[in-house]
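Enquirer: Predicted model and sequence follow; I will ask about them next.
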Amino acid sequence: AQSVTQLGSHVSVSEGALVLLRCNYSSSVPPYLFWYVQYPNQGLQLLLKYTTGATLVKGINGFEAEFKKSETSFHLTKPSAHMSDAAEYFCAVSDPPSGTYKYIFGTGTRLKVLA
Amino acid sequence: GAGVSQSPRYKVAKRGQDVALRCDPISGHVSLFWYQQALGQGPEFLTYFQNEAQLDKSGLPSDRFFAERPEGSVSTLKIQRTQQEDSAVYLCASSASTGGAQQETQYFGPGTRLLVL
């Protein structure tokens, strides 16, 4: 079964510093990859996704992620953190072999931005 | 509406009660998913509908959980004889596609927070 690992359940960065949130997946067949953000008491909002094509994907709010097949990774980055980036971030993969295209989520990383 | 809506937003139930959670997907979306998010965890898949057909219910934790989408739009997740371990946020998502290379995005609702006492 596929799995998603997000290293670091909590990450703290200073405002203006680089944000790096890590995501690794287990599938031998590259799945479709997603990053979602969740603000308190809200649903999940898509930041970006990788399906095919260019491995560097740009998303909303200045975030980007790079798919690296050799490392089975899809890390999320942002050059300069803003206070409004404080939230929980989830990496997800789709499960094509099942035909359902359900998502398998990591356990999340809570990002704290320090003033 | 513009997005996925869910009701109620909060539900408190006594152990043993039945509950029904409603999801209104984005109009015209073919696919509908239910996920369960326990405290401090990522969402976990429960079940999937394509129109009115329930094509995958492999994530439903027990036969106390039942979902339906009779007309291919609104969906209801029902939990019978609730237990304390059922306490979680239940998320609904909808998608315009049925999968494949297009891999249309799943759009999530705000969730229903269920607390079983």
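Expert: Everything's here; your move.

Enquirer: After the helix or strand harbouring B:Lys78, which helix or strand is next?
Expert: Using DSSP states H and E, B:Lys78 maps to strand B:75-79. Next in sequence after strand B:75-79, counting helices and strands by DSSP H and E, comes strand B:88-95.

Enquirer: That following strand - what's its average pLDDT?
Expert: In this model, strand B:88-95 has a mean pLDDT of 95.

Enquirer: Strands of chain A, start to end?
Expert: A:4-5, A:10-14, A:19-21, A:24-25, A:33-38, A:44-50, A:56-58, A:64-68, A:73-78, A:87-94, A:103-105, A:109-114 (DSSP state E).

Enquirer: mind giving me a markdown table with the ones you listed and columns for mean neighbour count, mean pLDDT and distance to B:Phe45?
Expert: Any C-beta I mention is one placed from the backbone N, CA and C, and that applies to glycine too. Putting these into a markdown table (neighbours: other C-beta atoms under 10 Å in any protein chain shown; pLDDT from 0 to 100; distance: least, C-beta to C-beta, whole Å) gives the following:
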| stretch | mean neighbour count | mean pLDDT | distance to B:Phe45 |
| --- | --- | --- | --- |
| strand A:4-5 | 18 | 94 | 12 |
| strand A:10-14 | 14 | 97 | 25 |
| strand A:19-21 | 19 | 97 | 22 |
| strand A:24-25 | 19 | 94 | 15 |
| strand A:33-38 | 24 | 94 | 14 |
| strand A:44-50 | 20 | 93 | 13 |
| strand A:56-58 | 14 | 95 | 23 |
| strand A:64-68 | 18 | 95 | 22 |
| strand A:73-78 | 21 | 97 | 19 |
| strand A:87-94 | 24 | 94 | 10 |
| strand A:103-105 | 23 | 91 | 7 |
| strand A:109-114 | 16 | 97 | 20 |
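
Enquirer: and of those strands, who's closest to B:Ser62?
Expert: strand A:103-105 (20.5 Å; C-beta to C-beta).

Enquirer: The closest one - contacts with which helices or strands?
Expert: Under the contact definition 3 or more C-beta pairs under 8 Å, 6 or more residues apart in numbering or on different chains; DSSP states H and E, strand A:103-105 sits against strand A:87-94, strand B:31-37, strand B:44-50.
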